[in-house]
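**Q** I would like the atomic coordinates for the input below:
(chains A and B)
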Amino acid sequence: MLQINFIRENADTVKAGLAKKHFKNIVAVDELLQLDEEKRKAQVETENNAAESNQLAKKIGELMKAGNKTEAESIKARTVELKENAKQLEERLKQLETEIFNILVTFPNLPSSVVPEGKTPEENVTVFTKGEIPVLHEGAMPHWELAAKYNIIDFELGNKITGAGFPVYKGKGARLQRALINFFLDEATKAGYHEIMPPLMINADSGFGTGQLPDKEGQMYHVTVDDLYLIPTAEVPITNLYRDVILKEEELPIKNVGYTPCFRREAGSYGAHVRGLNRLHQFDKVEIVQIAHPNQSAAGLDEMVMHVQGLLEKLELPYRILCLCGGDMSFGSAITYDFETYSAAQERWLEVSSTSNFETFQSNRMKCRYKGADGKNQLVHTLNGSALALPRIVATMLENHQTPEGIKIPKALVPYTGFDMIN
RNA sequence: GGAGAGUUGGCAGAGUGGUCGAUUGCGGCAGUCUUGAAAACUGUUGUCUGUAACAGGACCUGGGGUUCGAAUCCCUAACUCUCCGCCA
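**A** The predicted model follows:
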């Protein structure tokens, strides 16, 4: 969430930023500032009223103690009057605050200055590409056919047990999942991340903290009897660990990693591009999260990007890195790098990681701050990235590493799988 | 699920209607002493809002109420603990 003080002092910058993100309702900025003006006036009135009231109440206390009841009674008349005023003033103030909040939560984060202009995914800028795109042998198959051929992932069985988008992993397929999870966790640990195993359900406060709520409820599974949500990503619980926390400056950066299943309703997506592992309702992901000093967050993002690159290279997958354009970035992000691996049988790039700096957007919602050298509390920056999401990695591995004899497991992963070929 | 007790500043823990934003201890920070450290002693130490700076306002788990006045009384929600029941 943007800070009202910042908007007040930088209205033009805010408008330009919102425009870059292709936010439609930019006039709301002026509306907001108007309301803010009114609210501040209302606040002064309310507080002056309260100040007089407090003063008189104190005086009544003193008079009562001194036994001067008649004078105390005479003052009471005025306090009753003030109380009436207070009720109205407070109501008005509350109403203005609500209106301001309701506008404020609709504003996305402002994009960083290096984010490219653009509206659609086509306008994302490829900043790095690495790896050979494999030439597949005659009769090569897409991953869903390979999954059936080697009996490692069963989509039909998942349909029966739960529904579409909930595959069942079997035998070497299940073992491969476990191997990737452990591999990713170990690599992150080596890079200095602290392992966390968080709850898989979150409350509404946590959903608000990282920006899933309000408005994006539709993307999460909601357990209504207990009013809890299944996590769409480990980012939510792991970042919210620091909700309402004041950190010491020297504690930063905090680097956490966690493996969790992720649950997404993916309402509204369908078609050929969701076949097989391309888009699931439940999938596994290892997520890295940093809580950083504002001065360190840019370097933190670079480090995260390099970490993800290292993973893809060890898995021997061709990949490219995109810097998302303003219009294609997520709501809360200030800058996002997407990683895509090339899926040779589908002949298309698949997103396997999204690594972002949220700057103060989440920390302002979560009230996560650090105490600076000057003793003042300031908002931290939050960052997160997938390192990595499994299904599309598995999809590309199956497709790209297939041979007529079977599917080769990359060297780095063999110690984790315990086999070097799926056949 | 049933019965009871509780939730106060980083932590522990006082405070049952007025001068309490809150006693005290620990911890933290600064100083004295010391070659340095420890100990001891002294001082200091919550957050938000607001102001040029003061002032002012809000916060004792959240929400609502009673009252001129609420940490304190009432209602309600959440959470924690103890006992019983159930259970991986």
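
**Q** Setting aside sequence neighbours, what's the nearest residue to residue A:108?
**A** Leaving aside its sequence neighbours, residue A:108 sits nearest to residue A:331 (Cβ to Cβ, 6 or more residues apart in numbering; 4.7 Å). C-beta coordinates here come from the backbone N, C-alpha and C atoms, glycine included.

**Q** I'd assumed the one you found was in a helix, is it?
**A** No. Under DSSP: H, G, I helix; E, B strand; the rest coil, residue A:331 sits outside any helix and is assigned coil.

**Q** okay, it: pLDDT?
**A** Per-residue confidence (pLDDT) for residue A:331: 93.

**Q** and it, what is it in contact with?
**A** A:108, A:109, A:211, A:216 (Cβ atoms under 8 Å, 6 or more residues apart in numbering).

**Q** Likewise for residue A:187?
**A** With Cβ under 8 Å, 6+ apart, residue A:187 has these contacts: A:307, A:310, A:311, A:314, A:387.

**Q** What is the nearest of those to RNA strand B?
**A** residue A:387 (29.2 Å; Cβ to the nearest atom of the strand).

**Q** Do you know the pLDDT at that closest one?
**A** Residue A:387 is assigned a predicted lDDT (pLDDT) of 91.

**Q** mind checking which helix or strand it is in?
**A** strand A:381-389 (DSSP states H and E).

**Q** CA atoms only for that strand, dumped as CSV, please.
**A** What follows is strand A:381-389, C-alpha atoms only, in CSV (Å, rounded to 0.1, in the frame of the first residue of the first chain):
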residue,chain,number,x,y,z
HIS,A,381,11.8,-3.6,1.8
THR,A,382,10.5,-7.0,1.1
LEU,A,383,11.5,-9.3,-1.8
ASN,A,384,10.6,-12.7,-2.8
GLY,A,385,11.2,-15.2,-5.6
SER,A,386,10.4,-18.7,-6.6
ALA,A,387,13.5,-20.9,-6.4
LEU,A,388,11.8,-22.7,-7.9
ALA,A,389,8.3,-23.8,-8.8
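
**Q** for it, packing partners?
**A** Here strand A:381-389 is seen to pack against helix A:172-190, helix A:235-240, strand A:282-292, helix A:297-314, strand A:348-359, helix A:361-366 when contacts are counted using 3 or more Cβ pairs under 8 Å, 6 or more residues apart in numbering; DSSP states H and E.

**Q** Dump those to TSV, plus mean pLDDT and distance to residue A:274.
**A** Listed next are the helices and strands packed on strand A:381-389 as TSV, based on pLDDT from 0 to 100; distance: least, Cβ to Cβ, whole Å:
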stretch	mean pLDDT	distance to residue A:274
helix A:172-190	97	19
helix A:235-240	93	22
strand A:282-292	95	12
helix A:297-314	96	23
strand A:348-359	95	12
helix A:361-366	91	29
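
**Q** so can I have JSON lines of those showing distance to RNA strand B?
**A** Below are these laid out as JSON lines (distance: least, Cβ to the nearest atom of the strand, whole Å):
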{"stretch": "helix A:172-190", "distance to RNA strand B": "20"}
{"stretch": "helix A:235-240", "distance to RNA strand B": "15"}
{"stretch": "strand A:282-292", "distance to RNA strand B": "16"}
{"stretch": "helix A:297-314", "distance to RNA strand B": "19"}
{"stretch": "strand A:348-359", "distance to RNA strand B": "17"}
{"stretch": "helix A:361-366", "distance to RNA strand B": "10"}
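
**Q** Can I get those in TSV including distance to residue A:60?
**A** Compiled in TSV, the helices and strands packed on strand A:381-389 are given as follows (distance: least, Cβ to Cβ, whole Å):
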stretch	distance to residue A:60
helix A:172-190	63
helix A:235-240	45
strand A:282-292	49
helix A:297-314	53
strand A:348-359	50
helix A:361-366	41
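
**Q** For RNA strand B, give me its nearest residue in the stretch 251-400 of chain A.
**A** Per Cβ to the nearest atom of the strand, residue A:377 is where the stretch 251-400 of chain A lies closest to RNA strand B, at 3.6 Å.

**Q** per-residue confidence for the nearest residue to that residue once chain neighbours are set aside?
**A** Here the nearest residue to residue A:377 in space, its sequence neighbours aside, is residue A:369; by Cβ to Cβ, 6+ apart that works out to 4.2 Å. On the pLDDT scale, residue A:369 is placed at 87.

**Q** ok, what's across the strand from residue A:369?
**A** Beta-bridge partners recorded for residue A:369 (DSSP bridges): residue A:246, residue A:379.

**Q** From residue A:296, how far out is it?
**A** 15 Å (Cβ to Cβ, to the nearest Å).

**Q** What of residue A:119?
**A** Counting by Cβ to Cβ, the gap from residue A:119 to residue A:296 is 31 Å.
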